[in-house]
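**Q** A structural model of the following input is requested.
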Amino acid sequence: MIEHRGRKTGKLFRTVLEVAGRNLEASEWIVSTGYGTESDWYQNLKAGTLQAVWVGSKRFAGPTVRFLESDEAADVIAVYEREHPKSASVLFKSMGVSHDGTHEGRAEMMKQIPMVAFGVLGG
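**A** A predicted model of the protein is given here:
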């Protein structure tokens with residue numbers, strides 16, 4: 001779950017997100033926007049309003065946020081597909097996206113549903 005402030009209202013929001021991958025070396029948790037760049041939480045992060053990240057019952061204040069390039073996101077989603085093929089299929093269908101099975105096809109798809117990495121110390 002992430003805590004972020006509304007970019008217009010300043011109101012605190014909490015949004016539950018599914019983790020699509022992890023970068024253990026950088027202590028990063030990676031999520032996908034699911035519904036593209038128009039999601040309010042994504043727009044709020046772009047505006048720099050991230051306050052905290054929750055992993056389970058542990059809260060991490062002051063996390064870093066990194067917006068993945070589509071090439072890196074394609075690598076993450078390929079692993080997710082291998083580990084969770086049925087879930088990936090259902091998610092892609094509900095998001096209205098698909099690819100041709102190639103890295104290039106995945107990278108093109110990930111331009112529509114970008115990924116965000118949250119870095120947490122001690123996570």
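
**Q** Determine the set of other helices and strands touching the helix or strand in which Arg14 is found.
**A** With secondary structure defined by DSSP states H and E, Arg14 is part of strand 12-15. Where contact means 3 or more C-beta pairs under 8 Å, 6 or more residues apart in numbering; DSSP states H and E, strand 12-15 is packed against strand 2-5, helix 40-46. Bear in mind the C-beta positions are built from the backbone N, C-alpha and C, glycine included.

**Q** which SSE is the most centrally placed residue in the chain in?
**A** In the chain, the residue lying closest to the centroid (C-alpha atoms, centre = their mean) is Val31, at 2.1 Å. Element membership for Val31 (DSSP H and E) is strand 28-32.

**Q** Name every strand pairing with the strand holding Arg14 and say which way it goes.
**A** Counting by DSSP bridges, the strands paired with strand 12-15 are strand 2-5 (antiparallel).

**Q** Could you tell me what pLDDT the model assigned to Glu18?
**A** Turning to Glu18, the model gives it a pLDDT of 89.

**Q** circling back to that earlier point, can you say which of the helices and strands packed on strand 12-15 is packed in most?
**A** strand 2-5 (a mean of 20; mean count of other C-beta atoms under 10 Å).

**Q** Need the residue in this structure that's farthest from the chain's center.
**A** Distance from the C-alpha centroid of the chain, by C-alpha atoms, centre = their mean, peaks at Thr9 (23.0 Å).

**Q** Quick check: it is in a helix.
**A** No. Thr9 is assigned coil when assessed by DSSP: H, G, I helix; E, B strand; the rest coil, not a helix.
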